[in-house]
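Chemist: dropping a prediction and its sequence here:
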Amino acid sequence: MASSASRFIKCVTVGDGAVGKTCMLICYTSNKFPTDYVPTVFDNFSANVVVDGTTVNLGLWDTAGQEDYNRLRPLSYRGADVFVLAFSLVSRASYENIMKKWLPELQHHAPSVPIVLVGTKYDLREDKQYLLDHPGVVPVTTAQGRNSASTSAQPVTSNAAQRHSRM
């Protein structure tokens, strides 16, 4: 018998348009990879996860990364427990916008909410055909991603994470 969730966590995904935020959420919630790109204005997904024997409802809020939605997007930040800040490993602009756009926006609207930095499209970073089809693409390296994470991240303490790390 399925147990009802005893806790709700609101997770808001942010990042430039077309970096793979929606794809990441669809893959996580349905185990299916979407084949078509449809720009998101706003979407909401939900998944129940079990942490230390307790069912938690994970509310996944998908936001638009395009500039047209700069005024609308922050409305979804209220009550967020965590942000997932996504950038594409094959888009230098999305990587640079971590510091230029996204961190300042999140720190302005929700300064105490933890941020998880996620590099998407890992499979394309070393895909020779993709790189041939997209001349001028200079993938973000592992070292660059780690550097951004270390300069932008704040330590996050989680009892569940601590318990699992002891296993």
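Modeler: Great, that's in hand. The structure displayed is predicted, hence computed values, not measured ones.

Chemist: tell me which element the residue positioned nearest the centre of the chain is part of?
Modeler: Ranked by distance to the mean C-alpha position of the chain (CA atoms, centre = their mean), the top residue is residue 84 at 3.2 Å. Taking DSSP states H and E as the criterion, residue 84 maps to strand 82-88.

Chemist: buried residues, the helix or strand just after that strand. List them.
Modeler: Using DSSP H and E, the helix or strand that follows strand 82-88 in sequence is helix 92-97. Judged by neighbour count (16 or more other CB atoms under 10 Å), helix 92-97 contains these buried residues: 92, 94-95, 97. From N, CA and C alone the C-beta is placed, and that goes for glycine too.

Chemist: what packs against helix 92-97?
Modeler: For helix 92-97, the contact count by 3 or more CB pairs under 8 Å, 6 or more residues apart in numbering; DSSP states H and E identifies strand 82-88, helix 142-152 as packing neighbours.

Chemist: would you map the helices across this structure?
Modeler: 21-30, 92-97, 103-109, 122-125, 128-133, 142-152, 159-165 (DSSP state H).

Chemist: what would the ones you listed look like in a markdown table with mean pLDDT?
Modeler: Conversion of these to a markdown table gives the following (pLDDT from 0 to 100):
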| stretch | mean pLDDT |
| --- | --- |
| helix 21-30 | 91 |
| helix 92-97 | 96 |
| helix 103-109 | 96 |
| helix 122-125 | 94 |
| helix 128-133 | 96 |
| helix 142-152 | 84 |
| helix 159-165 | 33 |
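
Chemist: report the angle between the strand holding residue 84 and helix 142-152.
Modeler: 150 degrees (axes from the mean of the first three to the mean of the last three CA atoms, to 10 degrees).

Chemist: looking at the buried residues of helix 92-97, which is nearest residue 76?
Modeler: The closest of those to residue 76 turns out to be residue 97 (CB to CB; 18.1 Å).

Chemist: picking that back up, now the helices of the chain in CSV, with distance to residue 14?
Modeler: CSV is the format used below for those (distance: least, CB to CB, whole Å):
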stretch, distance to residue 14
helix 21-30, 8
helix 92-97, 10
helix 103-109, 7
helix 122-125, 19
helix 128-133, 25
helix 142-152, 13
helix 159-165, 22
